[in-house]
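Chemist: Structure of the sequence below:
(one chain, ligands or ions: 3)
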Amino acid sequence: MLTSIKTNEFAGSESKKLAMMYFRVAIVLFGAQLLMGLIAATQFLVPGFLFEVFDFSVARMVHINALVVWMLYAMIGSVYYLLPDETGIETVGVGLGKLAFWVLTAAVAVVVLVYIFIQVGPGKESTIWLINEGREYIEAPRWADIGIVVVVLIFYWNVFATFMKGKQTGILTVLVADLLALAGLYLAGMFFTDNISMDQFWWWWVIHLWVEATWEVFVGALAAYGLIKIIGAKREIVEMWLWIEVLMLFGSGILGLGHHYFWIGTPEYWWEIGALFSALEPVPLVAMFVHVLYDWGKEQGAAKAEGKEGAVMNNGPAMAWIVTNAFGNFLGAGIWGFFHTLPQVNIYTHGTQFTAAHGHLAFFGAYATILIGMMYLGVQGAYGVEKLRATFKSKMAIFLITFGVVGMTIALTIAGYEQVLVERAELGAGWSAFFTAQNLPWYVQAQIWRAIMGVVTFVGFAYLVWDLLTIGKQAKQGAKAA
Ligand code: HEM
Ligand code: HEM
Ligand SMILES: [Fe+2]
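Modeler: Ligands and ions are numbered 1, 2, ... in the order given. Here you go, the predicted model:
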């Protein structure tokens, strides 16, 4: 991955080079995210760990902001990667795109440094502008917010202009419309109101309508592209699925927003709306799951009928991550989300470790997986290898990362269950109930297991980086020798 900018086989496609630049920063931020997670997890066990040097609030904040930012980087990278393939032409305005990349990366670096060096301080108007906006997941200060808007406008213009000039496939039509909504929603998280209910009302537009609507549609498009590329799935079939999925995702995800409006001071009709529509949200996730496995099985069967042996895919690791995505999206978002989405249940589970269990499995399952898959596609393209086979490192990476995240999820689910029983049901959710529940053995042991599984995840990540750096070169040498 590292040498892929200079010695690539992209045949001059600057768009794909730019994609690799985005992927590279994404993976660095992913590593930073995991390190911050490990610090925060340690602080659950040893509350004094790095106190007033590197506080829990900061470790947690950088953990989840780095998460969102690396995913956005990997998404932009994925778009720049697939754009020339889908349109059949070079991306319009790549030079400007590169400039935007450097501006964005410099801004991200400054924002992270400020987060790390300024641990505590007063909350003033200038804090919002210079330090942090205090909105979970999207805490970038306002100066950076404005910069992000400019950079995203450049990105969107490049995509739109290329789309208009080149071939307009179904996948791209969905992507171009979806990206407009995705980028536009960011604006809802930029206003400041001192009414916390109103603030949360708009903030959820970004968070929920990203992860349960626009980002889901985005990965639907990526999966469609990936399946065509990797297993040679038929475009007509893949695109038909995509349209159905889009319809269902928006049909349930938009009003599903109501499941965040149960207890923040919004009108009570949101109980019914949120319950009904969010309960439907797992349906498209089942469809996405079936779609991936169906296409895979179908292409495999067709190849066998032609007398071909072995798997049909030309990129083993990417396919493995896409299949993990189908499972992970369904389990993390669909099942773990459904568990607590009815107000009757949510009144007990709201804001417990159960929420964190769902947050981890959903973000990982629905997004981390497929974006890592796109990075493997990038490496394959950069080295120009026809078939990228999984190495021992690829297998260790996917196994350990997935095992670690699932392990963390199970541990947090147990902690959440204990909170629901003791803190909420038995002791009535008061201040002292909160602390009593946190000191009982089930909770404490679960937090220990979360930390252990976090280390497993991190070891898997080390294998992933090692693999991404070496797999392309190795495959190329193997192909030459053969
Ligand atoms: C990939 C898609 C999804 C992702 C990445 C995701 C992620 C998250 C995260 C991180 C939170 C915690 C937010 C916070 O900090 O307050 C959350 C909350 C929640 N999610 Fe999801 N989610 C997804 C899909 C779903 C689905 C499909 C459902 C329902 C079927 C669902 C139901 C909920 C509910 C009810 C809450 C509120 C929990 C509480 O009251 O504490 N999520 N989600
Ligand atoms: C080394 C592995 C990891 C460790 C040790 C870790 C640890 C943590 C800790 C301690 C928190 C704060 C929880 C709280 O406030 O109660 C957290 C929050 C969070 N982490 Fe991780 N994490 C890890 C990996 C990941 C991964 C891979 C993802 C997703 C791809 C992720 C997504 C999140 C999210 C969405 C939240 C906010 C959840 C919420 O507030 O409901 N983390 N993590
Ligand atoms: Fe939601």
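
Chemist: got the contact list for the most centrally placed residue in the chain?
Modeler: By CA atoms, centre = their mean, the mean C-alpha position of the chain lies nearest to Tyr367, the distance being 3.4 Å. Contacts for Tyr367 were tallied using CB atoms under 8 Å, 6 or more residues apart in numbering; they are 71, 211, 215, 219. For every residue, glycine as well, the C-beta is placed using N, CA and C.

Chemist: Nearest spatial neighbour of the last one, chain-adjacent residues omitted?
Modeler: Counting by CB to CB, 6 or more residues apart in numbering, Val219 lies nearest to Ile370, which is 5.1 Å off, once chain neighbours are set aside.

Chemist: ok, and the one you found, which helix or strand is that part of?
Modeler: For Ile370, the element it lies in under DSSP states H and E is helix 369-383.

Chemist: Off-centre distance for that helix?
Modeler: Offset of helix 369-383 from its chain centre (CA atoms, centre = their mean, to the nearest Å): 15 Å.

Chemist: Do any residues in whatever helix or strand comes next after it lie close to ligand 2?
Modeler: Moving toward the C-terminus from helix 369-383, the next helix or strand (DSSP H and E) is helix 392-418. Yes. Residues of helix 392-418 contacting ligand 2 under CB under 6 Å from any ligand atom: Val405.

Chemist: Which other helices and strands does helix 392-418 contact?
Modeler: Here helix 392-418 touches helix 316-328, helix 353-362, helix 441-481, going by 3 or more CB pairs under 8 Å, 6 or more residues apart in numbering; DSSP states H and E.

Chemist: make it 6 Å
Modeler: Packing partners of helix 392-418 (3 or more CB pairs under 6 Å, 6 or more residues apart in numbering; DSSP states H and E): helix 353-362, helix 441-481.

Chemist: send the alpha carbons of the shortest one over as CSV?
Modeler: These are the backbone C-alpha positions of helix 353-362, laid out as CSV (Å, rounded to 0.1, in the frame of the first residue of the first chain):
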residue,chain,number,x,y,z
GLN,A,353,-23.3,-0.5,28.1
PHE,A,354,-25.9,-2.2,25.9
THR,A,355,-25.9,0.9,23.7
ALA,A,356,-22.1,0.7,23.5
ALA,A,357,-22.3,-3.0,22.6
HIS,A,358,-24.6,-2.1,19.7
GLY,A,359,-22.5,0.9,18.7
HIS,A,360,-19.3,-1.3,18.4
LEU,A,361,-20.8,-4.1,16.5
ALA,A,362,-22.8,-1.9,14.2
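
Chemist: And for it, what's in contact with it?
Modeler: Helix 353-362 has contacts (CB atoms under 6 Å, 6 or more residues apart in numbering) with 332-333, 336-337, 408-409, 412-413, 415-416.

Chemist: Also stretch 323-333?
Modeler: Residues from elsewhere that reach stretch 323-333 (CB under 6 Å, 6+ apart): 285, 289, 292, 361-362, 365-366, 369-370.

Chemist: how about Asn195, phi and psi?
Modeler: phi -90, psi 110 (degrees, to the nearest 10).

Chemist: Could you give the number of residues near Thr409?
Modeler: Burial of Thr409 is recorded as 24 neighbouring residues (other CB atoms under 10 Å).

Chemist: can you pull the contacts of it?
Modeler: Applying CB under 6 Å, 6+ apart to Thr409 gives the contacts 357, 360-361.
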